[in-house]
Every structure is written in structure tokens, then in C-alpha cells.
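K.L.:
Test case, fold it:
(chains A and B)
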Amino acid sequence: MVLESTMICIDNSEWMRNGDYAPSRFQAQADAVNLICGAKTQSNPENTVGVMTMAGKGVRVLVTPTSDLGKILACMHGLEVGAEANLAAAIQVAQLALKHRQNKRQQQRIIVFIGSPVKYDKKVLETIGKKLKKNNVALDVVDFGETDDEKPEKLEALISAVNSSDSSHIVHVPPGENALSDVLISTPIFTGEEGGSGFAASAAAAAATGATGYDFGVDPNVDPELALALRLSMEEERARQEAIAKKAAEESSGETKDHASSSNSDSVMAEAEPASNASADDKRDLPKEDEDAQLLQQALAMSMDEGASGAAAVADAAMAEAGADDDELALALQMSVEDTQMSGQSDMTKVFEDRSFVTSILNSLPGVDPNDPSVKDLLASLNGQGEQEEKKDNSDKPNTPEDGKN
Amino acid sequence: MAACLHDHACEDHNCAADWSLYNHIDIPKVVALNESVPGSVKSVFKPWEQRLETSGGFLESNEGDPELLIFIPFTSDVKIKSISVVGGADGTSPSRMRVFINREGIDFSDAQNMQPVQEWELAENLQGVLEYQTRYSRFQGVANLTLHFPDNFGGDATKIYYIGLRGEATQNKRDVVATIVYEVMPNPSDHKTKSETGGGFSHVE
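P.N.:
Down below sits the predicted model:
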């Protein structure tokens, strides 16, 4: 949340017509500028951002530092591309614009996009850099577009002259698939020194995993509670897995079965409680059938791999959700927990493997179709065991109501 | 322009008490321009007894550039009688000092162009016994002080180990904005009414 005033210098020289960044260098740059303005103004409401051009009609300030995002975005329209960029003059003008900022408490920062070749000497650039450092102005450079031999070197020299305690950064973006803005999102230019605002972090997650590949298929921005609940239940699963692994190690060294399993089921119940309430409410809202089935598959797979306690946990989570509304189901839940306590390891697995019981549970989950082939396959694999428990549970198994859950 | 030496044995006279204006400096908000180590300027304000100690760090300008600009805000308005500066050896002591009062956001080009409130030719003061008196009438209600050291005695960089201020603190504050609840977005918890916290007539506090 650094209080900052930023001047963004846009390169609108002739070299920006090139299409090696889709759709054109200039467009890619404009997108990146929009994103940066948004991030800066979001990270601290008192931040101001200004925009100026380096080429075109000349070095001119399009909008003086302001916190009004609309004004900033509007000024980017109708910019012409042409002529050559004048880097030295642009930096001087930017410095002057920052000097006359209204709130003197803001830190000064200049962000320069350089897509055209740099015609200045290294020495000149270093002098400019020193002057910026002397006046406590930070500089970020985005090097994209034209690459000749000396450009990266010159710009690195500029940054090292300006840099004081890592406040200035340089990013080299080669042409390629990824949009300029996507590459920039994960850089310190966007995230700042402390490691980022929420805006930057979630946008970074989006960019990193691809457009639809959010964790759990839910955009944390759109539905943060759901995303959080799903993440929590995954983490609890992981914790249980570790507990199982540890328990397995313990048992192989000869602790009593009963002691281990009862203590485990107690802890499992305790863990299921908080998770179930959250997940009960939220899982109802799961929009996508695929994601739901996937999650369930994962959970089922884990329980198969790891054995009783894992299954107990998953069963508890799944059944606790169903049992939230239904007393009969709650009874069934209780009984299945008792089973675990009595007979030890593989009982919960058997309960869970009761095909009809599981099917009824799945019916109650919105968006999960028991006829879904993947679910069917899993159930088939579970079917191999548990004749005993089937009898017992049949007597108690409720008909899961289709009440208000779908 | 006038400097004076302590013409008494410092053990008798309690010099430390005189040079206690550093207590009224708002240290977190002290800013220096052209310092080589960001934040090192804060180590320069300390009790008089520690004026020669360099264990806490000292203020040094960037290589090849002896100019320094120090902005000192106070927690309440002060009156400044005199200023003492301890510089470094081998020509790294500052040779001139120009001060500005109650102006925020001065940078080097401003400092070079503006008329200072007062300026002094400094002498090398490695032991910290020299002090420079101010025209007291001009330094009556000082909320912040800006010191500009344009050059030194020939060294590559300028080093300052201690800056002492002598004077009085008043209880006045220059701006009272700090006591206003300032919010960019409305936050109901900032405005608890009496009806929420107990009985009584409700009014927004």
C-alpha cells in the first residue's frame, strides 16, 4: 500500500505498428498501461497516475497525475502512432510532472515502455539515472519490441544508476504468445515491493494457470467464499492423508488398533464439523457438473488409496453435508461413525462402498449425475467389498429427499 | 554567519539538556535527498553526548555528488536558537548550509533557486563544539525545517554524523488535520453512535 504518484511514458513511435505482439505493439502496450493504472489505483486509493507520450506529436503529457481511472483510460483513445521516441526529454518531463504533484507525500515513480531502439549513449542514460536517484524518483522500464545488441545493456545501465534499494526494475519482454500485459502481471512492476495487491495476485493466478484453469474451477474474484471453502476442504483432505500416513507408520510399529482408530475418528469428526457447515452451504451452489464430479472422484480416489481413515473423512464430509438438513441421514452418519469405532480400519470403506447408499448421496448433490460414466466407473470399483455393511445400512438408509438442494 | 564555541567546560554546564530539541523531531518522517543509504538520515539526530558516535550509522551522500537535502518535520512547533553540525574528516564536511522553514516537498532545483531563510559558511567541526546561531525572530514557529548543504570541503561525498538543534518547543501544532477522521470510503465502524455503545442521546462522533 505504498502511497505513490506514477507517470507512465508510452512509446507511440513508428515502430509500434509492428504486429509481433498481438494485435499490434501499440495495442499490447495500451492494454498493459490500462492494467497498470488499475492496479496502482486499487492498491491505494490515494495513488495517482499520469500518462504521457514520448513520440507522435512530441513529448506531451496526456493527463496529469490523477486518481480518476476513467480519465486515464479515456486519454488513451485516439493516439496516433508515428515519429521517433525521445527518451531523455520524456523522462525530464515526467520528472517535472511528478515534482508538481499535489500531494507531496507521494513517492515518485516513472514507468517507461520502450519499444523502439534507444539512440542515446550509455553515458547519457547513466547521467539521467543519477539525477533521478538524487531526487528520489524510482524508475521501471519495460523493454519490448525492437531488440538490437545494445538496447538491453543500455537500459540495464540506466536502471542500475537509478536503483536505490531495489525500488527500480526492468523487464525484458520478448515477442511471443503471451500478451504483454500477462507477462507484466507477474513482475515486480505490477506487484510492487511488498508482493502485491489482491488485484495483482488474482490476476497473476489467472494468467499463470490459463483462462479457465482456476484452482477448483471457481474464480476467487467472483465467488471468494466458495473458493475458500473448496480450498479449505482440499487442505483438510491433505492433512488427513498425512495423518493416515503417519498412522500407518505407527501401526506398523505395533500400536493398538482400537486406540488408533477411535482417536482418529474423533479427530476426523471434529475436522468434519467446521468443514461440513461451510461446504454444505456452498457445495449447493457448485455451478459446474464437471468440477463437482472431478472433486468427488478425487476424494473417492484418495479414500481408496489411503484406506479407512481417509474414507471416513470423505464419507463424513459427503454425508455430513447430506445430513445437515435431514435427521435420518444424521442418524446414518452417527451409525457409520460408530462402526468405525467398533471394528477398526476398513469399516468406513465398506459403508461408503454400499452402492445404493452412495448413489442416494450422490443424487442429493446438485449437478452430479449418477449416470455420469466417470462416477459409474468409480462406483463399480467400490462395489467389490462390503456385503455385511450393506445389510445393516439398508435398514437405516433413508430415502434422500429432493428438497431444496437442487 | 556567526559561530560560537562553547566557552565553558561542558561537564559543568548541562549541554545535553540544551540540545534536546531532537526529542521533538518526527523521526519516521525525516527525509533526505541524495543519501547513499536510504533511511540513514535518521541516525543523525541523537542526544548531544552521542554526537561523535558512529555506531548507529551516519549520513553520506552519493559518490561524486556532495549535495545533501534534509527535511525535518517536528511533532510540535519549535523555536530554534542555534544549529550544530558534525561532519566527516578529509574534506567530507559540508562547507555551506542553507535553511528553509515550513516548506514541504523541496527538491534540489527548488533549493538552488529559492532564497533561504538564513545561510551560513560552515567550518570543519569534527568535535561538535561549534554552533551556528539563528536570527531568532525568523525561527519562531517552525513546524518543519529543510537543511540544504550544497557543497563540501573537496571530498568525494559529504558525511554528516550529527545535527543538533537548540531551542524551545511550544505546545502548538501547525496543522490540526491529524485529528479528523479521514476516509475514502464510508466505514460505519468509525462512527459508533451512543445508542450502539450504550444509552444516551445519539450523535455521530
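K.L.:
can we go C-alpha only for contacts and neighbour counts from here?
P.N.:
Will do.
K.L.:
Quick one: low-confidence residue ranges for chain B.
P.N.:
B:1-15, B:173-183, B:190-205 (pLDDT under 70).
K.L.:
quick check: longest strand of it.
P.N.:
Counting residues, the longest strand found in chain B (DSSP state E) is strand B:68-87.
K.L.:
what's the offset of that strand from the middle of its chain?
P.N.:
Chain-centre distance of strand B:68-87: 3 Å, with C-alpha atoms, centre = their mean, to the nearest Å.
K.L.:
So what touches the helix or strand that comes right after that strand?
P.N.:
Proceeding N to C from strand B:68-87, the next assigned helix or strand is strand B:96-101, under DSSP states H and E. Here strand B:96-101 makes contact (C-alpha atoms under 8 Å, 6 or more residues apart in numbering or on different chains) with B:116-122, B:139, B:142-152.
K.L.:
if you set the cut-off to 10 Å instead, what comes out?
P.N.:
B:1, B:68-73, B:85, B:106, B:111-112, B:114-123, B:138-139, B:141-153 (C-alpha atoms under 10 Å, 6 or more residues apart in numbering or on different chains).
K.L.:
For stretch A:140-155, measure first residue to last.
P.N.:
Criterion C-alpha to C-alpha, to the nearest Å; first-to-last residue distance in stretch A:140-155 is 10 Å.
K.L.:
average pLDDT for that stretch?
P.N.:
Regarding stretch A:140-155, the rounded mean pLDDT is 91.
K.L.:
If you count neighbours, what's buried in it?
P.N.:
Within stretch A:140-155, the residues that count as buried by 16 or more other C-alpha atoms under 10 Å in any protein chain shown are A:140, A:141, A:142, A:143, A:144, A:145, A:146, A:151, A:152, A:154, A:155.
K.L.:
In contact with the fifth one, which residues are there?
P.N.:
Yep, that's residue A:144 we're talking about. A:21, A:25, A:29, A:113-117, A:152, A:171-175, A:180.
K.L.:
what do you get for the third one?
P.N.:
Neighbour list for residue A:142: A:29, A:111-115, A:155, A:169-173, A:180, A:184, A:189 [criterion: C-alpha under 10 Å, 6+ apart].
K.L.:
Repeat that for the second one.
P.N.:
With contacts defined as C-alpha under 10 Å, 6+ apart, the neighbours of residue A:141 are A:9, A:110-114, A:155-156, A:158-159, A:168-172, A:189.
K.L.:
How about it: which residues does it bridge to?
P.N.:
Counting by DSSP bridges, residue A:141 is bridged to residue A:112, residue A:170.
K.L.:
what separates it from residue A:130, distance-wise?
P.N.:
For residue A:141, the distance to residue A:130 - C-alpha to C-alpha - is 15 Å.
K.L.:
and if you look at the fifth one?
P.N.:
Spatial separation of residue A:144 from residue A:130 under the definition C-alpha to C-alpha is 23 Å.
K.L.:
repeat for the fourth one
P.N.:
To residue A:130, residue A:143 is 20 Å away according to C-alpha to C-alpha.
K.L.:
Might you enumerate the residues of chain A proximal to chain B?
P.N.:
By C-alpha under 10 Å from any C-alpha of the partner chain, the part of chain A that sits against chain B consists of A:45-46, A:99-101, A:103-106, A:130-136, A:164-165.
K.L.:
Now do the same contact list for the closest residue to chain A within chain B.
P.N.:
Nearest to chain A in chain B, going by C-alpha to the nearest C-alpha, is residue B:34, at a distance of 4.5 Å. The contact partners of residue B:34, taken as C-alpha under 10 Å, 6+ apart, are A:130-136, B:59-63, B:65-70, B:108.
K.L.:
What subset of the residues you listed is buried?
P.N.:
A:130-136, B:59-62, B:65-70, B:108.
K.L.:
Determine the longest helix present in chain B.
P.N.:
The longest helix of chain B (DSSP state H) is helix B:108-113.
K.L.:
give me the beta-bridge partners of the residue positioned nearest the centre of chain B?
P.N.:
Nearest to the geometric centre of chain B sits residue B:72, at 3.2 Å (C-alpha atoms, centre = their mean). Residue B:72 has these beta-bridge partners by DSSP bridges: residue B:145.
K.L.:
Just name the shakiest helix or strand of chain A by mean pLDDT.
P.N.:
helix A:257-283 (a mean of 44; mean pLDDT, DSSP states H and E).
K.L.:
Is it possible to mark the buried ones in the contacts of residue A:142?
P.N.:
For those, buried by 16+ other C-alpha under 10 Å: A:29, A:111-115, A:155, A:169-173, A:180, A:184, A:189.
K.L.:
so which of those comes closest to chain B?
P.N.:
For those, the nearest to chain B is residue A:169 (17.1 Å; C-alpha to the nearest C-alpha).
K.L.:
got a list of what the residue nearest to that closest one when sequence neighbours are not counted touches?
P.N.:
Sequence neighbours aside, residue A:140 is the residue nearest to residue A:169 in space, at 4.8 Å (criterion: C-alpha to C-alpha, 6 or more residues apart in numbering or on different chains). Residue A:140 sits next to A:8, A:109-113, A:159, A:162-163, A:167-171, A:188-189 when contact means C-alpha under 10 Å, 6+ apart.
K.L.:
hmm, 8 Å instead?
P.N.:
Residue A:140 neighbours (C-alpha under 8 Å, 6+ apart): A:109, A:110, A:111, A:112, A:159, A:168, A:169, A:170, A:189.
K.L.:
again, but for residue B:147
P.N.:
Applying C-alpha under 8 Å, 6+ apart, the residues near residue B:147 are B:69, B:70, B:71, B:97, B:98, B:99, B:100.
K.L.:
beta partners for the fifth one?
P.N.:
Meaning residue B:98. Taking DSSP bridges as the rule, residue B:98 bridges to residue B:119, residue B:148.
K.L.:
Neighbours of it, how many?
P.N.:
19 (other C-alpha atoms under 10 Å in any protein chain shown).
K.L.:
Return the distance of it relative to residue B:149.
P.N.:
7 Å.
K.L.:
one step back: convert the C-alpha atoms of the longest helix of chain B to CSV, please.
P.N.:
C-alpha atoms of helix B:108-113 as CSV (Å, rounded to 0.1, in the frame of the first residue of the first chain):
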residue,chain,number,x,y,z
PHE,B,108,17.3,20.2,-5.3
SER,B,109,16.2,22.6,-8.1
ASP,B,110,13.9,24.4,-5.7
ALA,B,111,16.5,24.6,-3.1
GLN,B,112,19.1,26.0,-5.5
ASN,B,113,16.7,28.7,-6.8
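K.L.:
before we move on, back to that, quick one, what contacts the residue nearest to the centre of chain B?
P.N.:
B:25, B:26, B:27, B:29, B:30, B:31, B:144, B:145, B:146.
K.L.:
Try it again at 7 Å.
P.N.:
B:25, B:30, B:31, B:144, B:145, B:146 (C-alpha atoms under 7 Å, 6 or more residues apart in numbering or on different chains).
K.L.:
what's the first-to-last distance across stretch A:144-154?
P.N.:
With C-alpha to C-alpha, one end of stretch A:144-154 sits 14 Å from the other.
K.L.:
Can you show me the strands along chain A?
P.N.:
Under DSSP E, chain A gives strands at A:4-10, A:48-53, A:60-66, A:107-114, A:137-143, A:169-172.
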